[in-house]
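K.L.:
Build the 3D model from these lines:
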Amino acid sequence: MRRKKSKAPSYIMENLAHFVALCEERVPFVSLCSELSEKNMSHQGVMVEPPGFNFALRLLYLPDLHVVPKIVMKDLRERLLSATMRLAKGAKNWMLELVFKGRPVITQSSHEQGLRSAVLLSYEAADEASKVVESLITDWNHIIRMYRLAFDLGKFLESNPHSNEVKVKSFNYRRLIILYGPNMCCSATLTWRQATRSYMINFASSTKKLSNPHHIIRDCVEADFARNSDIAAFIRLLLESYDPLRSISKLHAIPHLSRVGSTVPFTLMVQSSNHFRLAFNATYCLDIRLLPGRLVSIKDGAHSCFDRSKAVEEFSPTQCLKSFLLKYADEQCTFYDRRSQSEDDNPPSPLIETDAVNSTIRGSPSQRSSFLQNPASPHSQGHYYGPSSVGNAFPLASPPSISHPAPSPAEGIVPSPAFMSQPSPGHFGQSPAVSFMGQDHFSPFSVPSPVAASPFSQSPGLPRPSPAARLGHSPAGAQPSPSDIRSRVLPLRLWAGANPTHLSHASFDALCTPIDPDGNGMNSPIERFLSLTHLRKHWHKVLQTEESLRIIPCNEPGVIGFQSQLLKGHLILDPLKYPTLRMKFQALRDYQDQFMLEELEILDEFFNSRLVTNPIRPSSLLAFGKLLLVPIKPLRDIIQIMKLEVRPGTLDPAQYRFSVSMCMTIPPGSQPIIPPGHPAIIVAKMKLLFFYNVKGDPANTRGRDSSDCLASNCP
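P.N.:
Residues are numbered from 1 along each chain as shown. Down below sits the predicted model:
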């Protein structure tokens with residue numbers, strides 16, 4: 001059955017309806033052409049595309065961006081084949097198609113290997129024509145800025161011999177992705193952000209096991225790149241800072257929950273793209289700078305940059321730091337780090353400068369001259385100049401009597417008394433990205449202001465008060481009032497830790513990589529050294545707080561001598577490649593016949609094997625100090641319990657079915673007498689309370705573990 005052909009009503013004219021629809025489609029183009037003409041953007045007018053399906057508006061000229069060099073604009077215009085505006089189906093979006101001839105840089109993407117590259121941009125058709133044109137110009141400027149980076153990167157890769165260390169993953173005229181690192185596992189994505197009128201950089205990694213270390217300094221890198229969009233310097237920064245930042249990322253940044261009042265072991269404070277401050281337990285600080293030639297400069301960040309006789313408020317000087325770092329210095333860096341014989345690597349805790357000290361400095365002319373002639377004052381010695389090349393050698397230090405102009409704080413340099421007549425290695429040559437990073441950023445710790453508080457004083461990573469406030473005494477022996485406090489000063493000497501030590505990237509990585517040489521847990525050498533230094537300082541405080549423990553003067557660096565009513569001992573810090581802290585005991589003359597040599601050796605072994613292993617707990621030292629106050633009879637009994645732990649091979653397995661170990665801190669599952677984590681040895685009047693852990697042998701018992709406490713009378 002045939003369908004009847006429907007006929008249109010006689011009052012409808014098909015040709016007229018087609019003409020009206022055609023005019024309606026041309027109206028948006030006419031409005032857009034008018035707006036383009038006002039912006040001096042020439043075009044060919046509204047055209048019908050060859051199949052006759054749609055209208056198109058071909059643009060003949062797009063405006064230049066004056067901040068971009070003319071050679072870049074010329075190359076971009078030569079690559080631009082066409083720019084066409086179309087109205088999408090349904091008249092909802094404008095579509096701008098930009099067709100380019102290839103790319104200025106070779107990419108690894110298989111979709112970007114053709115001879116033509118098309119870029120599609122979309123705009124809301126409901127917006128006014130002026131807003132559409134403004135958005136078009138903004139996107140065109142975006143393309144110009146990204147093309148400039150790709151153009152400069154292509155020139156850099158052609159002329160640089162290290163171009164095989166960097167590859168371009170993708171460039172679509174809107175985004176640039178750069179690959180670098182081992183096996184090209186890291187990427188940096190650059191794009192233009194119009195809201196802030198700056199480049200946005202995102203760092204990522206293609207592997208889950210290895211993260212991109214540059215995300216630590218992302219904010220500084222973006223700020224430096226915004227000042228000078230030098231892609232060559234940016235690539236050099238990525239290559240020369242990757243290894244040091246990867247080494248820093250290996251350090252522990254997770255709080256140690258086994259400690260009372262636990263803090264984050266390491267806190268990284270980024271000063272600039274090549275300058276960092278690394279705080280340890282909110283007590284010590286390392287000042288780290290990345291230098292050209294694959295070198296890293298490290299010094300004690302507790303010393304003021306302007307006057308090394310003063311310490312910053314937040315940190316304490318690290319003793320034996322220079323000696324420890326020189327263990328990792330190789331032949332490439334040894335000629336940078338020659339120490340003067342007058343330098344001291346064992347700074348004490350800073351004292352508080354009072355009006356009495358100020359009166360000495362501001363007193364008579366003879367007093368002022370004797371004070372200023374002391375070589376510890378950096379302003380009375382040499383200027384910390386930087387040589388023009390990396391290869392300059394540094395001879396031994398000149399005599400401290402030679403006078404030089406005082407350094408200016410605005411120059412971003414630190415005076416070095418160890419190299420007074422020669423350029424200092426702290427800033428030799430230009431940084432690998434000096435044009436990229438601009439002027440060095442100063443840390444707020446560099447200004448030893450007695451009035452203004454540090455910006456980091458309210459930081460949760462640095463909760464502790466000033467080390468001078470923790471000491472609670474002044475050089476005169478009295479508690480200073482707030483009005484008398486001026487700054488924290490050190491004795492007038494040359495401190496070796498204030499001079500930078502130069503390490504290669506391989507040596508710095510060995511310094512930060514966790515190792516386990518003694519089977520007591522993974523720990524990096526630098527964390528081990530700072531932990532033991534912190535323990536040594538804590539032991540000094542224990543000796544000061546306990547009345548029955550007395551400090552014995554000792555001239556050896558890194559050694560603390562002390563004496564109790566029964567024993568005399570020395571705490572020795574060995575700044576080896578993997579540092580150790582050991583205790584050596586000997587009985588006093590009146591008690592030598594009451595202690596066996598084996599008992600003293602067991603006490604030494606217990607300290608060396610239990611108190612200085614992971615996890616390192618300062619509260620264990622307080623318990624050990626309490627143990628030394630115990631009378632001789634219970635002390636010898638406790639040493640016999642220690643023998644069961646430190647020398648289990650000397651016992652008969654058939655006779656001893658359990659293994660016993662001393663608890664230096666309160667275990668979590670113990671009786672609720674004292675909170676967990678506090679010292680587990682308590683001496684109160686004539687009572688002794690201590691905890692021990694009993695572990696059963698699975699072959700002879702059910703293998704149950706228990707932690708018990710024992711209280712006994714002290715005769």
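
K.L.:
so where's the stretch 501-650 of the chain shaky on pLDDT?
P.N.:
Applying pLDDT under 70 to the stretch 501-650 of the chain flags the ranges 518-521, 615, 650.

K.L.:
Let me know how buried the closest residue to residue 575 other than its chain neighbours is, in neighbour terms.
P.N.:
Nearest non-adjacent residue to residue 575, counting by CB to CB, 6 or more residues apart in numbering: residue 324, 3.8 Å away. From N, CA and C alone the C-beta is placed, and that goes for glycine too. For residue 324, the count of nearby residues is 28 (other CB atoms under 10 Å).

K.L.:
and what of residue 190?
P.N.:
23.

K.L.:
cool, residue 620 as well?
P.N.:
For residue 620, using other CB under 10 Å, the count is 23.

K.L.:
One more: the one 5 residues further on?
P.N.:
The local packing of residue 625 (other CB under 10 Å) involves 22 other residues.

K.L.:
Please verify my assumption that it contacts residue 544.
P.N.:
No - Residue 625 is beyond contact range of residue 544, at 10.6 Å (criterion: CB atoms under 8 Å).

K.L.:
on that earlier part again, quick one: contacts for the residue nearest to residue 575?
P.N.:
Residue 324 makes contact with 529, 575, 579, according to CB atoms under 8 Å, 6 or more residues apart in numbering.

K.L.:
thought the first one was touching residue 575?
P.N.:
Yes - here residue 529 reaches residue 575: they are 6.7 Å apart, a contact under CB under 8 Å.

K.L.:
Give me the longest helix you can find in this structure.
P.N.:
In the chain, assigned by DSSP state H, the helix with the most residues is helix 129-159.

K.L.:
Just the C-alpha atoms of the helix or strand following that one, please, in CSV.
P.N.:
Once the chain leaves helix 129-159, the next helix or strand it forms, by DSSP states H and E, is strand 167-171. C-alpha atoms of strand 167-171 as CSV (Å, rounded to 0.1, in the frame of the first residue of the first chain):
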residue,chain,number,x,y,z
LYS,A,167,63.2,14.0,26.9
VAL,A,168,60.0,15.6,25.9
LYS,A,169,57.0,13.4,26.4
SER,A,170,54.4,15.6,24.9
PHE,A,171,53.8,19.1,23.5
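
K.L.:
where does the stretch 51-200 of the chain have low pLDDT?
P.N.:
Along the stretch 51-200 of the chain, segments meeting pLDDT under 70 span 52, 90-91, 162.

K.L.:
quick one: the strands in it?
P.N.:
With DSSP state E, counting those that start in this stretch as the criterion, the stretch 51-200 of the chain has strands at 55-59, 80-87, 93-101, 116-124, 167-171, 176-180, 186-193, 198-205.

K.L.:
ok, and the most crowded of the contacts of residue 324?
P.N.:
Neighbour tally across the contacts of residue 324 (other CB under 10 Å): the maximum, 28 neighbours, falls on residue 529.

K.L.:
Tell me which other helices or strands the stretch of helix or strand it belongs to touches.
P.N.:
Following DSSP H and E, one finds residue 529 within helix 525-545. Applying 3 or more CB pairs under 8 Å, 6 or more residues apart in numbering; DSSP states H and E, we find helix 525-545 packed against strand 275-280, strand 284-291, helix 505-512, strand 550-552, strand 559-563, strand 567-574, strand 580-587, helix 618-627.

K.L.:
Let's have those in a markdown table, adding distance to residue 83.
P.N.:
As requested, the helices and strands packed on helix 525-545 are exported to a markdown table (distance: least, CB to CB, whole Å):
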| stretch | distance to residue 83 |
| --- | --- |
| strand 275-280 | 45 |
| strand 284-291 | 44 |
| helix 505-512 | 48 |
| strand 550-552 | 82 |
| strand 559-563 | 77 |
| strand 567-574 | 71 |
| strand 580-587 | 71 |
| helix 618-627 | 69 |
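
K.L.:
mind listing the helices for the stretch 601-715 of the chain?
P.N.:
Using DSSP state H, counting those that start in this stretch, the helices of the stretch 601-715 of the chain run over residues 618-627, 632-646.

K.L.:
Look at residue 22 and tell me its secondary structure.
P.N.:
Secondary structure, DSSP: H, G, I helix; E, B strand; the rest coil: residue 22 is helix.

K.L.:
Could you verify that the residue nearest to residue 575 is part of a helix?
P.N.:
Yes - under three-state DSSP, residue 324 sits within a helix.

K.L.:
Quick check: it vs residue 240, distance?
P.N.:
25 Å (CB to CB, to the nearest Å).

K.L.:
May I see the helices of the stretch 601-715 of the chain arranged in JSON lines, with distance to residue 601 as well?
P.N.:
Below are the helices of the stretch 601-715 of the chain laid out as JSON lines (distance: least, CB to CB, whole Å):
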{"stretch": "helix 618-627", "distance to residue 601": "16"}
{"stretch": "helix 632-646", "distance to residue 601": "9"}
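
K.L.:
looking at those, which is buried most?
P.N.:
Scoring those by mean neighbour count under mean count of other CB atoms under 10 Å gives helix 618-627 as the most buried, with a mean of 22.

K.L.:
which outside residues touch that one?
P.N.:
259-260, 534-535, 538-539, 542-543, 546, 549, 607, 610-611, 635, 638, 664-665, 677-683.

K.L.:
Report the buried members of those.
P.N.:
259, 534-535, 538-539, 542-543, 546, 549, 607, 610-611, 635, 638, 664-665, 677, 679-683 (16 or more other CB atoms under 10 Å).

K.L.:
shaky segments in the stretch 201-350 of the chain?
P.N.:
In the stretch 201-350 of the chain the weaker segments, taking pLDDT under 70 as the threshold, are 254-264, 308-309, 332-350.

K.L.:
In it, mark out all the strands, start to finish.
P.N.:
Counting by DSSP E, counting those that start in this stretch, the strands of the stretch 201-350 of the chain are 266-272, 275-280, 284-291, 295-300, 310-311, 343-344.

K.L.:
can the ones you listed go into JSON lines with extra columns for mean neighbour count and distance to residue 230?
P.N.:
Conversion of the strands of the stretch 201-350 of the chain to JSON lines gives the following (neighbours: other CB atoms under 10 Å; distance: least, CB to CB, whole Å):
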{"stretch": "strand 266-272", "mean neighbour count": "19", "distance to residue 230": "15"}
{"stretch": "strand 275-280", "mean neighbour count": "23", "distance to residue 230": "18"}
{"stretch": "strand 284-291", "mean neighbour count": "24", "distance to residue 230": "17"}
{"stretch": "strand 295-300", "mean neighbour count": "25", "distance to residue 230": "22"}
{"stretch": "strand 310-311", "mean neighbour count": "24", "distance to residue 230": "37"}
{"stretch": "strand 343-344", "mean neighbour count": "18", "distance to residue 230": "39"}
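
K.L.:
okay, those strands in JSON lines with distance to residue 127 next?
P.N.:
Shown next, in JSON lines, are the strands of the stretch 201-350 of the chain (distance: least, CB to CB, whole Å):
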{"stretch": "strand 266-272", "distance to residue 127": "42"}
{"stretch": "strand 275-280", "distance to residue 127": "47"}
{"stretch": "strand 284-291", "distance to residue 127": "48"}
{"stretch": "strand 295-300", "distance to residue 127": "53"}
{"stretch": "strand 310-311", "distance to residue 127": "61"}
{"stretch": "strand 343-344", "distance to residue 127": "70"}
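
K.L.:
Ok, which of those comes nearest residue 31?
P.N.:
Closest to residue 31 of those is strand 266-272 (CB to CB; 50.3 Å).

K.L.:
Now the closest one - C-alpha only, PDB.
P.N.:
This file holds the C-alpha atoms of strand 266-272, laid out as PDB (Å, rounded to 0.1, in the frame of the first residue of the first chain):
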ATOM      1  CA  PHE A 266      63.400  15.900  60.300                       C
ATOM      2  CA  THR A 267      61.600  19.100  59.200                       C
ATOM      3  CA  LEU A 268      62.600  20.600  55.800                       C
ATOM      4  CA  MET A 269      62.400  24.400  55.500                       C
ATOM      5  CA  VAL A 270      62.800  25.400  51.900                       C
ATOM      6  CA  GLN A 271      64.400  28.800  51.500                       C
ATOM      7  CA  SER A 272      64.900  28.800  47.700                       C
END
